[in-house]
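Novice: Let me see the structure of the following:
(2 chains)
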Protein chains: 2
Amino acid sequence: MPKFVNRRIVLASRPHGAPTPENFRIEDAPMPEISEGKVLLKTLYLSLDPYMRGRMDAAKSYAAPVEIDAVMEGGTVAQVIHSQNSRFSVGDFVLSHSGWQSYAASDGTGVRKLNPRLAPLSTALGVLGMPGFTAYAGLLTIGQPKPGETVVVAAAAGPVGATVGQIAKLKGAKTIGIAGGAEKCAYLRDELKFDAALDHRGPNFAEALKAACPDGIDVYFENVGGAVWDAVLPLLNNFARVPVCGLISFYNATSAPAGPDRSAALMRAILVKRLTIRGFIVSDFAEQHGDFLRDMSGWIADGQVKYREDIVEGLDAAPEAFIGLLQGRNFGKLLVRVAEE
Amino acid sequence: MPKFVNRRIVLASRPHGAPTPENFRIEDAPMPEISEGKVLLKTLYLSLDPYMRGRMDAAKSYAAPVEIDAVMEGGTVAQVIHSQNSRFSVGDFVLSHSGWQSYAASDGTGVRKLNPRLAPLSTALGVLGMPGFTAYAGLLTIGQPKPGETVVVAAAAGPVGATVGQIAKLKGAKTIGIAGGAEKCAYLRDELKFDAALDHRGPNFAEALKAACPDGIDVYFENVGGAVWDAVLPLLNNFARVPVCGLISFYNATSAPAGPDRSAALMRAILVKRLTIRGFIVSDFAEQHGDFLRDMSGWIADGQVKYREDIVEGLDAAPEAFIGLLQGRNFGKLLVRVAEE
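Specialist: Next up, the predicted model:
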């Protein structure tokens, strides 16, 4: 029964620096079996996110690494195709954590039903899912933008950054987005109504950022690190808040950058400017999830928050798409359409 | 009238690295004149504090630098010896900011009357003054120690650190102090009842710290930076809080340390451990001053918070005492007795 074979992508080897296609292996496995209490899920959409790079390393980050030969982890939208669990019926759409594979068995833990009439199913992995909630909780809880303040966000055309900028705007802040390339910057200005958008690959980026922030920076939502952070730090105002959500520019680094050691200067800036720098992951704010769904659904319905998806076709395309994600090649929330809805 | 000459210490030149006696000049100046609305203050105690090192540099920190040939700044306990201000009477004891001099004129701005029957006058510069309030506000507002958590404080025999440790203990935390030398460590353990005290100059300091913190570190109150911070960072638990109060080990630095650049690793630790690192100065928490005076007065009266002073005699001794402060030579709150009470 070839059509019931479970196509899956496993971690073949750990990357040294940037992942390559050889770090992944596409294979066909037997269909998962389900027993009492379980459901069989068919993957419709797989979410590709920067955090997955950390799972490919042996070092523990937030979570344990993916083992060699194990299926790559990932959030998914799936449909129940077989159920021995009274909570789920065949045909239900769900948000699950099935990973990079066509089918998965689940006991229902962490699986949440989705109503396809309320919002497109794919949004459960984007603006109404982990990236949107990350933006919401990090910006509002740590960043706390106030009317008239200047909010800067990097990776601003991505699903987290775009949402951060639009929420900041809703809260009355001046919003500056940083992205890679003219097309993304035009999108931020024209579609999402950022007050300014800057290409971090452009010449004189640091000077352009300074010119765009004549009153300094009150909130910097950190997704990237590296040269963007270097340009932001001198512009931070006293009492600025820096939610640290991601550091994508470092994820492929294989050694510490050359000196001098600027960590002392960073601590001094924290002291003298009385900065708050705080790391977080979205699960730290689980108690806000109801507020998030209510607020974000309303904002999307009102057209106050827009979103963009970048969908690649077929599970086999996932490794190349993920490699591109780490280089900023995607434009919008990166999803893999594993099967038609 | 030689006895009415105003002895004062001015900034003769800006230090390159550690200050030397040549950076200061002791001189005799005419007595300050007072006019309507002003008071003439006679300095009794001058406080010497690490922040003064920053004022000696040309670069702006929290506050403007001391100008060359200007009197060094500093908090003082003084007595009113002449008054043309209805708020003050001759004989009043006050907390003032007279600087490194024997007499000063003031219009009363920022001058607060002290009741010598409530507490020894010198405590207004220490445990009941800026250092005590710094410890209180930074620890409780940013550090937020919870019962059973581990709190580590550096420069723990100093007036800020000793107070931090004792308040943390009052809040039910396990308290680890770091200080320079066996005598200070014994004081922390035996007099202030810290759970452990470690000499940062000892061999294998980092290993000793790790052994003293088997459950990791939940709050690190940062006064020093440098090698102590390097030993603390790997031990910080998820969700640890780091109030950044001072970085005394960097104050005399003349260039950034050699590489590699560890600032990226610091940002990564902030992200992965979801740390909160927040700089502050005590004036940021002015609204808590009433609570501080009430709580701290009570704790001192109950014997729950103890303090130690290191008093040097005579204004002329201030430069050498200040140079020693930056080397950790003082043992307790460093004060200069400028005149007898």
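
Novice: Sketch out the low-pLDDT regions of chain A for me.
Specialist: Along chain A, the parts satisfying pLDDT under 70 run over A:1-4.

Novice: Which secondary structure element is home to the residue in it positioned nearest to chain B?
Specialist: As assessed by CB to the nearest CB, chain B sits closest to A:Gly259 within chain A, at 1.5 Å. The C-beta positions use only the backbone N, C-alpha and C, and glycine is treated the same way. When elements are defined using DSSP states H and E, A:Gly259 is found to belong to no helix and no strand.

Novice: Setting aside sequence neighbours, what's the nearest residue to it?
Specialist: Here the nearest residue to A:Gly259 in space, its sequence neighbours aside, is B:Gly259; by CB to CB, 6 or more residues apart in numbering or on different chains that works out to 1.5 Å.

Novice: Which residue ranges of the stretch 201-341 of chain A form strands?
Specialist: With DSSP state E, counting those that start in this stretch, the ranges of strands along the stretch 201-341 of chain A come out as A:217-221, A:236-244, A:276-279, A:309-313, A:333-337.

Novice: Spell out which strands sit alongside the shortest one in the sheet and which way each one runs.
Specialist: What that stands for is strand A:276-279. Partner strands for strand A:276-279, per DSSP bridges, with pairing direction: strand A:236-244 (parallel), strand B:276-279 (antiparallel).

Novice: so the first one versus strand A:217-221, what angle?
Specialist: Here strand A:236-244 runs at an angle of 10 degrees relative to strand A:217-221 (axes from the mean of the first three to the mean of the last three CA atoms, to 10 degrees).

Novice: The residue of chain A closest to chain B reaches B:Ala264, doesn't it?
Specialist: No - taking CB atoms under 8 Å as the contact criterion, A:Gly259 and B:Ala264 are not neighbours in contact, 11.9 Å apart.

Novice: the more surrounded of the two?
Specialist: More crowded of A:Gly259 and B:Ala264, by other CB atoms under 10 Å in any protein chain shown: B:Ala264, with 21 against 13.

Novice: Could I have the CA atoms of the strand or helix carrying A:Glu27 written out in PDB?
Specialist: Under the criterion of DSSP H and E, A:Glu27 resides in strand A:24-29. Output of strand A:24-29 as PDB, limited to C-alpha atoms (Å, rounded to 0.1, in the frame of the first residue of the first chain):
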ATOM      1  CA  PHE A  24      18.800  15.500   6.500                       C
ATOM      2  CA  ARG A  25      17.600  12.200   5.200                       C
ATOM      3  CA  ILE A  26      14.300  11.600   3.500                       C
ATOM      4  CA  GLU A  27      12.900   8.100   4.100                       C
ATOM      5  CA  ASP A  28       9.800   6.100   3.900                       C
ATOM      6  CA  ALA A  29       8.700   4.400   7.100                       C
END
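
Novice: Off-centre distance for the following helix or strand past that strand?
Specialist: Tracing the chain C-terminally past strand A:24-29 and defining elements by DSSP H and E, one meets strand A:39-47 next. Here the centre of strand A:39-47 is set off from its chain's centre by 19 Å, with CA atoms, centre = their mean, to the nearest Å.

Novice: Over to stretch A:316-323?
Specialist: Per CA atoms, centre = their mean, the displacement of stretch A:316-323 from the mean C-alpha position of its chain is 16 Å.

Novice: With stretch A:313-333 instead?
Specialist: Using CA atoms, centre = their mean, the mean C-alpha position of stretch A:313-333 is found 13 Å from that of the whole chain.

Novice: Is any residue of it near chain B?
Specialist: No - no part of stretch A:313-333 sits close enough to chain B to count as contact by CB under 8 Å from any CB of the partner chain; the gap is at least 15.7 Å.

Novice: Flag every residue of the stretch 151-300 of chain A that's near chain B.
Specialist: A:222, A:225-226, A:229, A:239, A:244-247, A:250, A:253, A:255-268, A:270-281, A:284.

Novice: So which of these are in helices?
Specialist: Applying DSSP state H to those, the entries found in helices are A:226, A:229, A:263-268, A:270-272.

Novice: Most tightly packed of the strands of the stretch 201-341 of chain A?
Specialist: Each of these was assessed for mean neighbour count using mean count of other CB atoms under 10 Å in any protein chain shown. The highest is strand A:217-221, with a mean of 27.

Novice: Direction included, what does it pair up with?
Specialist: On the basis of DSSP bridges, the sheet neighbours of strand A:217-221 come out as strand A:150-153 (parallel), strand A:236-244 (parallel).

Novice: Make CSV out of the ones you listed and add distance to A:Met296.
Specialist: As requested, the strands paired with strand A:217-221 are exported to CSV (distance: least, CB to CB, whole Å):
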stretch, distance to A:Met296
strand A:150-153, 17
strand A:236-244, 17
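
Novice: A:Leu139 contacts A:Cys245, doesn't it?
Specialist: No - under the criterion of CB under 8 Å, A:Leu139 lies out of contact with A:Cys245, with a separation of 9.2 Å.

Novice: Of those two, which one has the most company?
Specialist: The residue with more neighbours, out of A:Leu139 and A:Cys245 and counting by other CB under 10 Å, is A:Cys245; that gives 30 against 27.

Novice: Quick check: phi and psi on that one?
Specialist: phi -100, psi -30 (degrees, to the nearest 10).

Novice: surely it meets A:Phe280?
Specialist: Yes - counting by CB under 8 Å, A:Cys245 sits close enough to A:Phe280 to count as a contact (6.8 Å).

Novice: so what sits against both of these two?
Specialist: Common neighbours of A:Cys245 and A:Phe280, counting by CB atoms under 8 Å, 6 or more residues apart in numbering or on different chains, are A:Gly138.

Novice: and A:Gly172, how many residues sit next to it?
Specialist: Each residue near A:Gly172 was counted by other CB under 10 Å, and the total is 12.

Novice: Lovely, talk soon.
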